[in-house]
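1. coordinates only, no sequence provided:
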């Protein structure tokens, strides 16, 4: 067996019935009639998207999670994924842990690995994941679908991944307990793929929070040609952040990236059905604001004081 | 505009009608009823798959071509592609040439770029392309479909990419004219994607020649549990190789990689229809052997002398 066949061996689990998986020139699988294919791809490079020496199981998990998050942001059901993996050398312990993290999430999300490419890299570790899902085109959650008067919602909690990153990068004073409680949100995000499928046809617009809530919400506002008002005191903060300086927490919640939860908009009449769908899916949802006709994003506190984010994402009251 | 938004700008041409392209969380497009999705992905890394300083237009072309070749090997019609691109720095001249090579082939193959990911890389240039196509599942050209008595065919010509590579790597004495005439086959392969779609439902098995004819054909033999006899004197050699040592040319044709033409098998009754389809598509096809029940690949000359390939791909008569 050639050295790089060995890599491929870790990713050759059989595909489910009805799928042609690893071992031919292409993978083959069906798309349900009436649905379109939804697809997204992400590069994941050592030293850029994860640190050298990062837990390989977490790297495998996250490389797939960030892609599942893109499917969730369209309201699409995962169908299958492809993995390209390039390593400087064959490290069986690394490969086994990486594959275990990747497959555990693929199984959980019913998104089987059906093909890929493995090669030696002259540089560091390079990972590319492509996901494919399906959604009824008339129900897909586009960035351009927000309507004036819509509620703005987020799934899950905000702030923890950014605080973990700040701790790891030494931008916050070392705090072992805080790192331990926030790190899972950074390293093992769990996008709400089940709930997201229920949102298709119910919400008007959605995207996943990867660069930070304020910045990402701006993409919806630009695509939908509208503005928004966010209630800064309504943001669902991760419980681990209790007791931290409130300005630090607010900044993390508004501008912190790597969240991989959804921000979506829906008509106020949908509040109850959304709450019910979220309950059924076990996903926390929080209303955090409204879509306005006036362009721009206005962030206010509960007592209606405006919060201004400066270029570096630091905020101050105005 | 942020530096890396600039990269994205080169790849934001509008998607065709019916496609949701670059700019949302996923691309969306339809798959024709009765068809399955065929998909493949390939990493392309500087220093491994192309040389630093390689012509960026050729790199863009080839990164897509090797993927189109995988679709052709299934008999699938191209639908769309995704591009992940990571660069150590923004080099606009490089980007413009790369994009022009990529888009020219995407246009030619009717395989629009509908999404991707661009990022800065701490190492060299990293490219990942994912292609998606469609094929009727009962007509897909699997590696496992070869039947005893089938003809073995190849499309196009053999040998030139390997001779070009040997010249570039100094494994053959410098020969400017020979390099000039063989290099396009190495750097700008043109897989027979039109003809391949006609082959679906006509041929029994197919794959694309990426590692070398003899080695790749072995994959069909293994998957189809059969053997084969190849007529070494029937191989369609690139005209540029005329006058070279015949052992060097034979080795290049049998074992040279990077060909991105098809090797396929079909019943002898299909000879005329295959020749007609190939004529219509402007693709050269050549019968080069037969599928046998006895396992293993036997390579013979026209006068029935056996040719044996050793581990390094060098052959000798036995």
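-> Yep, that arrived. This one's a predicted model, so the numbers in the text were calculated from it and none came from an experiment.

2. for the rest of this, base every contact and every neighbour count on C-alpha atoms.
-> Noted.

3. how much space separates the nearest residue to residue A:249 once chain neighbours are set aside from chain B?
-> Spatial nearest neighbour of residue A:249, excluding adjacent residues (Cα to Cα, 6 or more residues apart in numbering or on different chains): residue A:159 at 6.4 Å. Residue A:159 sits 22 Å away from chain B, going by Cα to the nearest Cα, to the nearest Å.

4. hang on, residue A:159 packs against residue A:256?
-> Yes. Using Cα atoms under 8 Å, residue A:159 makes contact with residue A:256 at a distance of 6.3 Å.

5. quick one: which of these two has more around it?
-> Between residue A:159 and residue A:256, residue A:159 has the larger neighbour count (other Cα atoms under 10 Å in any protein chain shown), namely 31 against 26.

6. quick one, what contacts the more buried one?
-> Contacts of residue A:159 were listed using Cα atoms under 8 Å, 6 or more residues apart in numbering or on different chains, and they are A:237-238, A:241, A:249-250, A:252-254, A:256, A:259.

7. quick check: phi and psi at it.
-> phi 100, psi -40 (degrees, to the nearest 10).

8. please give the element, helix or strand, for residue A:162.
-> helix A:160-168 (DSSP states H and E).

9. any idea of the mean pLDDT in that helix?
-> Taken as a whole, helix A:160-168 carries a mean pLDDT of 95.

10. determine how far whichever helix or strand comes after that helix lies from the middle of the whole chain.
-> Scanning forward in sequence from helix A:160-168 by DSSP H and E, the next helix or strand is helix A:176-187. Taking Cα atoms, centre = their mean, to the nearest Å, one finds helix A:176-187 lying 17 Å from the centre of the chain it belongs to.

11. who does helix A:176-187 touch, helix- and strand-wise?
-> Applying 3 or more Cα pairs under 8 Å, 6 or more residues apart in numbering or on different chains; DSSP states H and E, one finds that helix A:176-187 contacts helix A:56-74, helix A:160-168.

12. distance from the first one to the middle of the chain?
-> By that I understand helix A:56-74. Relative to its parent chain, helix A:56-74 has a centroid offset of 7 Å by Cα atoms, centre = their mean.

13. what residues does stretch A:90-110 touch?
-> Contacts of stretch A:90-110 (Cα under 8 Å, 6+ apart): A:3-4, A:7, A:10-11, A:56-65, A:78-80, A:112-113, A:193.

14. hmm, 6 Å instead?
-> A:56-57, A:60-61, A:112 (Cα atoms under 6 Å, 6 or more residues apart in numbering or on different chains).

15. what subset of those is buried?
-> Among the contacts of stretch A:90-110, those buried by neighbour count (16 or more other Cα atoms under 10 Å in any protein chain shown) are A:56-57, A:60-61, A:112.

16. in stretch A:120-130, what's buried?
-> A:120-130.

17. ignore the last one, stretch A:247-255
-> By 16+ other Cα under 10 Å, the buried positions in stretch A:247-255 come out as A:249-255.

18. what sits closest to the residue in the stretch 51-200 of chain A that chain B sits nearest to if chain neighbours are left out?
-> Closest residue of the stretch 51-200 of chain A to chain B, Cα to the nearest Cα: residue A:70 (5.1 Å). Closest residue in space to residue A:70, ignoring its immediate chain neighbours: residue B:25 at 5.1 Å, by Cα to Cα, 6+ apart.

19. and for residue A:175?
-> Nearest residue to residue A:175 in three dimensions, chain neighbours excluded: residue A:167, at 7.4 Å (Cα to Cα, 6+ apart).

20. can you give me the neighbour number for the one you found?
-> Burial measure for residue A:167: 19 neighbouring residues, criterion other Cα under 10 Å.

21. and it, how close does it get to residue A:309?
-> Taking Cα to Cα, to the nearest Å as the measure, residue A:167 falls 22 Å from residue A:309.

22. now the most centrally placed residue in chain A: which helix or strand?
-> Nearest to the mean C-alpha position of chain A, by Cα atoms, centre = their mean, lies residue A:260 at 2.3 Å. For residue A:260, there is no host helix or strand (DSSP H and E).

23. list the contacts of it.
-> Applying Cα under 6 Å, 6+ apart to residue A:260 gives the contacts A:69, A:191, A:208-210.

24. one more time with 8 Å
-> By Cα under 8 Å, 6+ apart, the contact list for residue A:260 reads A:65-66, A:69, A:189-191, A:208-210.

25. in JSON lines: these, plus pLDDT and neighbour count.
-> As requested, the contacts of residue A:260 are exported to JSON lines (pLDDT from 0 to 100; neighbours: other Cα atoms under 10 Å in any protein chain shown):
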{"residue": "A:65", "pLDDT": "98", "neighbour count": "25"}
{"residue": "A:66", "pLDDT": "96", "neighbour count": "27"}
{"residue": "A:69", "pLDDT": "97", "neighbour count": "30"}
{"residue": "A:189", "pLDDT": "96", "neighbour count": "21"}
{"residue": "A:190", "pLDDT": "97", "neighbour count": "21"}
{"residue": "A:191", "pLDDT": "97", "neighbour count": "27"}
{"residue": "A:208", "pLDDT": "96", "neighbour count": "29"}
{"residue": "A:209", "pLDDT": "96", "neighbour count": "27"}
{"residue": "A:210", "pLDDT": "93", "neighbour count": "19"}
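
26. could those residues be laid out in TSV, adding distance to residue A:51?
-> Formatted as TSV, these follow (distance: Cα to Cα, whole Å):
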residue	distance to residue A:51
A:65	17
A:66	16
A:69	21
A:189	16
A:190	20
A:191	22
A:208	23
A:209	21
A:210	18
